[in-house]
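Participant: Sequence and computational prediction follow.
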Amino acid sequence: LTRKLGFEPKRPVIVEYFPTPDDFSARTVGLPGLGALGCCFGETITAVSPKTAADKLNQPFNWAKVVEHEFAHTITLQMTDYRISRWATEGFSTYLEGDSQSQWDVLLLDAVRRGRILPVLRLEEGFQRQDFPGRIQLTYLQVQLFMEYLDSTFGWEALAKILKGYRDGKEDAEILREATGKPPEELDAGFMDWLRRAKVSAIPIWPPYTEADIVELEKAAAAGQEDAAMRAELAVAFWRTRRIAAARAAADAALRLDPKNMNALTVKGMIARHSDSDARAAERAFLAAAEAPGGSPFIAWQQLGAIYRDAGDIRKAVEAFENARKLYPRYSFREDNPHHELHALYMKMGDKARALEAMMECLRIHLSDFDACKKALGLALELGRTAEAAEAAWAGNSINPFDREFHAMAGKAYEAAGELAAAAREYSAIAALDENDAANWTRLARVFAALGKKTEAAAAAERALRIDATDVKAKAILKEASAR
């Protein structure tokens, strides 16, 4: 980050971790209940310990990305003499941390549909008032995507000019015009066009619907009696709000007008599979939806994968889930998740290389999926794929640094890759988690010896022998490390 931004912040930068969200909140704002995982004050960063996720929240998060996000604040705040606006510093931090934020795809899809994307000169409002549930999360996502839009459209130089503009004490409108050559209104229009083309069009799942949405859709459907697409959307809305009979009727009405309407066919398939328990009818509907024109049949292929999996037809299940994965690799929900389903199916087939490939793609997109990291690391070790093993090890430790088994696998992976210092870090982590693991002390002694650190090797070997005086390997390492 310091290289990319061309700025070295004042040292030291202090990072304080807190064992519970309330402790973090009290230190940060003086009160409990701050809904965040980290906060930056310029030269001090406060954060919730990942131990909280492991022990209490049951919702792992990528603590390394949290720190990276907050450290980016440190740089942009200091670079601009603390003059940068909230939306801009959050935009830089969310963009530079590099998280795909795939879990917010539905939020984005719904926001664009409802016209909730804020003009750039009003982005500050998104952090100040919650006009609907999810506004703050949406604003974090919007500023990240706005920075991506500026970078992809005008180049990194435009982002650098934005930081300079804040440092010079200028206002948002002037800064943006000087950085891009465009007035804010043109940037808003360009951003919305880019958002629809580059992001929304690639999200092939259904947005949420409310009862108010259904009322409006019913009015529109009544006004357009021959509009198959409108009736199909009404069927989707009824299905999403679990009004099954109404969804069935609306889908049938749409299909009478257009027998190849993809949404209507997909709704029919969902009703057949999840409400009627009729796998054959569901298969027919989803196969028809997969071949229908007018959109991405991700849902159809995903559901077909689940149908074939449940029927024990592994070949067809793999084909369907692979089609689903190609159409929407960002799918973040766990149920019928193409990445994890393909891992399980390939393992049943004995194709461990493809199982590994599915998990590697998964962990690169979904940066808080510790399960994917653990599966990938185990497979990479078994297959001797040292590069993938090291990548999975780093990714997993960025989520959960308290899993002893994972540290042991990671240490083995780093040793195989010749990254002995990293292996020593992993075995040291195990020692911190369990100081009575004699075998781990011996592994640590072995790595220290290989690094030429005789004092550390001898100390680790002695710790191993205190626990297990019969450890032959530890005795040999101690003897060699103590020799003059």
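Facilitator: Perfect, I can see it now. Numbers count the residues shown, from 1 in each chain.
Participant: switch to C-alpha atoms for all contacts and neighbour counts from now on
Facilitator: Will do.
Participant: Point out where the protein drops to low pLDDT.
Facilitator: Low-confidence segments of the chain, defined by pLDDT under 70: 53-58, 484.
Participant: Name the single longest helix found in it.
Facilitator: Secondary structure assigned by DSSP state H gives helix 135-154 as the longest helix of the chain.
Participant: Just the residues contacting the next helix or strand after that one, thanks.
Facilitator: Downstream of helix 135-154, the next assigned helix or strand under DSSP states H and E is helix 156-167. Residues outside helix 156-167 that contact it (C-alpha atoms under 8 Å, 6 or more residues apart in numbering): 5, 76, 79-85, 147, 150-151, 171, 175-176, 178-180.
Participant: Quick check: the gap between residue 388 and residue 285.
Facilitator: Applying C-alpha to C-alpha, to the nearest Å, the value for residue 388 to residue 285 is 39 Å.
Participant: who's more crowded, the two?
Facilitator: More crowded of residue 388 and residue 285, by other C-alpha atoms under 10 Å: residue 285, with 24 against 21.
Participant: what about that one, helix or strand, and which?
Facilitator: Residue 285 belongs to helix 279-291 when assigned by DSSP H and E.
Participant: If you count contacts, what does the following helix or strand past that helix end up packed against?
Facilitator: Downstream of helix 279-291, the next assigned helix or strand under DSSP H and E is helix 298-311. Packed against helix 298-311 by the contact rule (3 or more C-alpha pairs under 8 Å, 6 or more residues apart in numbering; DSSP states H and E) you find helix 262-270, helix 279-291, helix 314-327.
Participant: most packed of those helices?
Facilitator: helix 262-270 (a mean of 29; mean count of other C-alpha atoms under 10 Å).
Participant: wait, residue 45 sits on residue 15?
Facilitator: Yes: at 4.6 Å, residue 45 counts as touching residue 15 under the criterion of C-alpha atoms under 8 Å.
Participant: Let's test this: what are the backbone torsions at residue 260?
Facilitator: In terms of degrees, to the nearest 10, the main-chain angles of residue 260 are phi -110, psi 20.
Participant: That one: how many residues sit nearby?
Facilitator: Residues near residue 260, counting by other C-alpha under 10 Å, number 19.
Participant: ok, now which ones touch it?
Facilitator: By C-alpha under 8 Å, 6+ apart, residue 260 lies in contact with 288, 289, 292, 293.
Participant: Spell out the secondary structure type for residue 236.
Facilitator: Counting by DSSP: H, G, I helix; E, B strand; the rest coil, the backbone at residue 236 sits in helix.
Participant: Correction: the previous question concerned residue 15.
Facilitator: Under the three-state scheme (three-state DSSP), residue 15 adopts strand.
Participant: That one contacts residue 44, correct?
Facilitator: Yes: counting by C-alpha under 8 Å, residue 44 is a contact partner of residue 15 at 5.9 Å.
Participant: Tell me which of residue 45 and residue 15 has more neighbours.
Facilitator: Per other C-alpha under 10 Å, whichever of residue 45 and residue 15 has more neighbours is residue 45, with 20 against 16.
Participant: Okay, the residue nearest to residue 230 when sequence neighbours are not counted and residue 254: tell me how far apart.
Facilitator: Leaving aside its sequence neighbours, residue 230 sits nearest to residue 221 (C-alpha to C-alpha, 6 or more residues apart in numbering; 5.8 Å). Going from residue 221 to residue 254 by C-alpha to C-alpha gives 10 Å.
Participant: overlap in contacts of those two?
Facilitator: 227, 230, 231.
Participant: closest to residue 193 among those residues?
Facilitator: Comparing the shared contacts of residue 221 and residue 254 against residue 193 with C-alpha to C-alpha places residue 230 closest, at 23.5 Å.
Participant: More neighbours: which of residue 221 and residue 254?
Facilitator: Using other C-alpha under 10 Å, the more surrounded residue of residue 221 and residue 254 is residue 254, with 28 against 20.
Participant: what number of residues lie near the closest residue to the more buried one other than its chain neighbours?
Facilitator: Excluding the flanking residues, the one nearest residue 254 by C-alpha to C-alpha, 6+ apart is residue 228, at 4.5 Å. As a burial measure, residue 228 scores 25 neighbours (other C-alpha under 10 Å).
Participant: Give me the contact list for stretch 442-461.
Facilitator: Stretch 442-461 has contacts (C-alpha under 8 Å, 6+ apart) with 420-421, 423-424, 427-428, 441, 464, 473-475, 477-478, 481-482.
Participant: show me the contacts for the residue nearest to residue 230.
Facilitator: Neighbouring residues of residue 221 by C-alpha under 8 Å, 6+ apart: 227, 230, 231, 234.
Participant: With secondary structure and neighbour count added, can I get these in CSV?
Facilitator: Listed next are the contacts of residue 221 as CSV, based on DSSP: H, G, I helix; E, B strand; the rest coil; neighbours: other C-alpha atoms under 10 Å:
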residue, secondary structure, neighbour count
227, coil, 16
230, helix, 19
231, helix, 29
234, helix, 29
